[in-house]
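> got a predicted model here, sequence first, then my questions.
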Amino acid sequence: MTINKFDLNVEKILEDWEVYHAVREIIANAIDEELLTKTRKIEIFKDKTNCWHIRDYGRGLDHHHLTQKENDEKLANPRVIGKFGIGLKDALATFNRKGVDVSIRSRHEDISFGKTKKHGFEDIITLHAYISPPSDNKLQGTEFILKNCSDSDIAKAKDLFLRFSGEKVLEATSLGQVLEKKSNPARIYVNGVQVAEEDNFLFSYNITSPNKAIQKALNRERTNVGRTAYADRVKKILTACESQEVAHELVRNLANYGAGEHNELDWSEVSVHACRLLNDRSKVVFFTSDEAMSTPDLVDRARSDKYNVIIVPQKVREKLRGMVDIAGNPIRDVEQFSSDWNNSFKFSFVSEKQLTAGEKRIFEQTDRILSFVGGRPENVKEILISKTMRFDLHSYREALGLWEASENRIVIKRDQLKDLQNYAGTLLHEVAHATSDASDVSRSFESELTRYLGLVVKKAIKDC
């Protein structure tokens, strides 16, 4: 049997590589061949002699693939893992250094490896491939056989690939996939192979369309790629997402933003996009923590109407103000929800017959109270009592009373009839709106209230 030698010319050995790094390269090449040839899935198994096999069903490798140069076919395909053609030689050198025996079978030839004298340099010993005729010239694909390779090294290598990691794809975009993080830390994959880890990421990510920054950062070792290389791609993947599942998870974690739990939320455009998406896909209202604490009535009303109250940071809240969601609808923040609720509001009026005896006694004092300020104004045609009230657009609490100029009526919340002082104060407040035709916190309204105070005191002193 004729055996030819082929010098691998491995000039620089990757001293930091362990066996599992080398196994990773063999698996990556096999997956690439599967993708390029659209053949059946690769196989990784151990035989009865405890040798590990990595098998693809592609075109079959020969020793020319061991040359150290870029692979044009892989460079032209953005979905494959390998780019530079040197990973296989690095792997073979690592196996040799770590005592793992490798043999390769294909329909083209069988290949084994060993060290021998370099041609023309008798004093230099280098790693060579020994080429012999194929033991099976009908073998489909390429089979790597690894002797003295531990089960743990195979497991560690497989775990670097998305297809073996068990991480679920939550959403796929044209740039990459958002993955449900299996455990901490989160993982960053490029075309299915892990290149980095993130302690404080909410999701793992598989970048399927790497930009120039990522391609440049994918060095010879393809490990520990820095965040600056892939951050922009991850950001664009998230802002391209359209699923409620991803948006809800992002927004749900905005409440912990201040604690710095998830770095994706540092990107305000990601947080805002998630809020816009969720606003369209589900019933939510956005509050800051301060707004939620200062407007408990509004929070209770939102929850009773089956809205999910979402707490967002102040800087996100400011960006959401006046914004529309992805369908063009207004973002439901405090102002919008209060306005929408008021627009759909219907009073629950209580007739005088339905009042309790105590409430009726106080309500019967209406004309006497109005007499302190000159009697009922001509434009006030009705004074009604309601169980429910619209929200005050300044305090975002249920109003105690309302002057409805379009209806020429004053409506007062029923609970004000528990106490004469409360009822009288609310009644006169609304009458001041009717006579001044001015809104709260205006000079005209304050002037009218001041006039009322003077009239009341004057009347009280005269009656003494």
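Noted; the coordinates are in hand.
> please make it C-alpha for all contacts and neighbour counts, starting now.
OK.
> low-confidence regions, the stretch 101-250 of the chain specifically.
Low-confidence segments of the stretch 101-250 of the chain, defined by pLDDT under 70: 219-223.
> mind running it again at 80?
Applying pLDDT under 80 to the stretch 101-250 of the chain picks out residues 118-124, 217-224.
> show me where it has its strands.
101-106, 110-118, 121-132, 142-147, 168-172, 176-180, 186-190, 193-198, 204-207 (DSSP state E, counting those that start in this stretch).
> reformat those strands as CSV; add mean neighbour count.
Shown next, in CSV, are the strands of the stretch 101-250 of the chain (neighbours: other C-alpha atoms under 10 Å):
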stretch, mean neighbour count
strand 101-106, 22
strand 110-118, 18
strand 121-132, 16
strand 142-147, 22
strand 168-172, 17
strand 176-180, 23
strand 186-190, 24
strand 193-198, 21
strand 204-207, 27
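> distance to D7 for those - can I get that in a markdown table?
As requested, the strands of the stretch 101-250 of the chain are arranged in a markdown table below (distance: least, C-alpha to C-alpha, whole Å):
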| stretch | distance to D7 |
| --- | --- |
| strand 101-106 | 16 |
| strand 110-118 | 7 |
| strand 121-132 | 4 |
| strand 142-147 | 19 |
| strand 168-172 | 43 |
| strand 176-180 | 39 |
| strand 186-190 | 32 |
| strand 193-198 | 29 |
| strand 204-207 | 36 |
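> out of those strands, flag the one nearest V411.
Of all these, it is strand 168-172 that lies closest to V411, at 51.2 Å by C-alpha to C-alpha.
> what sits up against that closest one?
For strand 168-172, contacts defined as C-alpha atoms under 8 Å, 6 or more residues apart in numbering pick out Q177, V178, L179, E180, K181, C241, S243, E245, V246.
> pLDDT weak spots in the stretch 301-450 of the chain?
In the stretch 301-450 of the chain, residues with pLDDT under 80: 392-397, 441.
> all helices for it, in order.
314-320, 334-343, 357-363, 366-371, 420-436, 443-463 (DSSP state H, counting those that start in this stretch).
> in contact with I26, which residues?
Taking C-alpha under 8 Å, 6+ apart, one finds I54, L88, A91, F144 in contact with I26.
> what about the helix or strand encompassing it, average pLDDT?
In this structure, I26 sits in helix 19-37 according to DSSP states H and E. Throughout helix 19-37, pLDDT has a mean value of 93.
> the nearest residue to R332 once chain neighbours are set aside: what secondary structure?
Nearest non-adjacent residue to R332, counting by C-alpha to C-alpha, 6 or more residues apart in numbering: V285, 5.1 Å away. Applying DSSP: H, G, I helix; E, B strand; the rest coil to V285 yields a three-state assignment of strand.
> what's the answer for A93, then?
helix.
> what's the distance between it and V23?
A93 sits 12 Å away from V23, going by C-alpha to C-alpha, to the nearest Å.
> just N408 next, same as before
Taken as C-alpha to C-alpha, the span from N408 to V23 is 83 Å.
> repeat that for V456.
Distance from V456 to V23, by C-alpha to C-alpha: 92 Å.
> out of these two, which sits in the more crowded spot?
Counted by other C-alpha atoms under 10 Å, V456 and V23 do not tie: V23 has more neighbours, with 25 against 17.
> verify the stated contact: the more buried one with I154.
Yes - here V23 reaches I154: they are 6.7 Å apart, a contact under C-alpha atoms under 8 Å.
> which residues does F164 contact?
F164 sits next to K158 when contact means C-alpha under 8 Å, 6+ apart.
> beta partners of N4?
Note on N4: beta-bridge partners by DSSP bridges are I131.
> what's the burial count for it?
By the criterion of other C-alpha under 10 Å, N4 has 12 neighbours.
> wait, it sits on H128?
No - using C-alpha under 8 Å, N4 makes no contact with H128, being 9.8 Å away.
> who touches stretch 338-354?
Outside stretch 338-354, the residues that touch it by C-alpha under 8 Å, 6+ apart are 298, 360, 384-391, 393, 396, 414.
> CSV for those, including neighbour count and distance to T37?
As requested, the contacts of stretch 338-354 are exported to CSV (neighbours: other C-alpha atoms under 10 Å; distance: C-alpha to C-alpha, whole Å):
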residue, neighbour count, distance to T37
L298, 22, 60
K360, 15, 87
L384, 18, 80
I385, 24, 78
S386, 18, 74
K387, 12, 73
T388, 20, 69
M389, 23, 69
R390, 22, 67
F391, 21, 65
L393, 14, 65
Y396, 21, 63
R414, 21, 77
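> just put those in CSV and tack on distance to V251.
Formatted as CSV, the contacts of stretch 338-354 follow (distance: C-alpha to C-alpha, whole Å):
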residue, distance to V251
L298, 20
K360, 49
L384, 43
I385, 41
S386, 37
K387, 35
T388, 32
M389, 31
R390, 29
F391, 26
L393, 26
Y396, 23
R414, 38
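> circling back: the helix holding I26: how far from the chain's middle?
Its chain's average C-alpha position is 31 Å from that of helix 19-37, according to C-alpha atoms, centre = their mean, to the nearest Å.
> could you dump that helix to PDB, C-alpha only?
Below are the C-alpha coordinates for helix 19-37, written out as PDB (Å, rounded to 0.1, in the frame of the first residue of the first chain):
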ATOM      1  CA  VAL A  19      -8.500  19.100  23.600                       C
ATOM      2  CA  TYR A  20     -12.100  20.300  23.600                       C
ATOM      3  CA  HIS A  21     -11.100  23.400  21.600                       C
ATOM      4  CA  ALA A  22      -9.700  21.100  18.900                       C
ATOM      5  CA  VAL A  23     -12.900  18.900  19.000                       C
ATOM      6  CA  ARG A  24     -14.900  22.100  18.500                       C
ATOM      7  CA  GLU A  25     -13.100  22.700  15.200                       C
ATOM      8  CA  ILE A  26     -13.800  19.200  13.900                       C
ATOM      9  CA  ILE A  27     -17.500  19.600  14.800                       C
ATOM     10  CA  ALA A  28     -17.700  23.100  13.300                       C
ATOM     11  CA  ASN A  29     -16.200  21.800  10.000                       C
ATOM     12  CA  ALA A  30     -18.700  18.900  10.000                       C
ATOM     13  CA  ILE A  31     -21.700  21.200  10.600                       C
ATOM     14  CA  ASP A  32     -20.400  23.600   7.800                       C
ATOM     15  CA  GLU A  33     -20.300  20.700   5.400                       C
ATOM     16  CA  GLU A  34     -23.800  19.700   6.400                       C
ATOM     17  CA  LEU A  35     -25.100  23.200   5.700                       C
ATOM     18  CA  LEU A  36     -23.200  23.600   2.400                       C
ATOM     19  CA  THR A  37     -24.200  20.300   1.000                       C
END
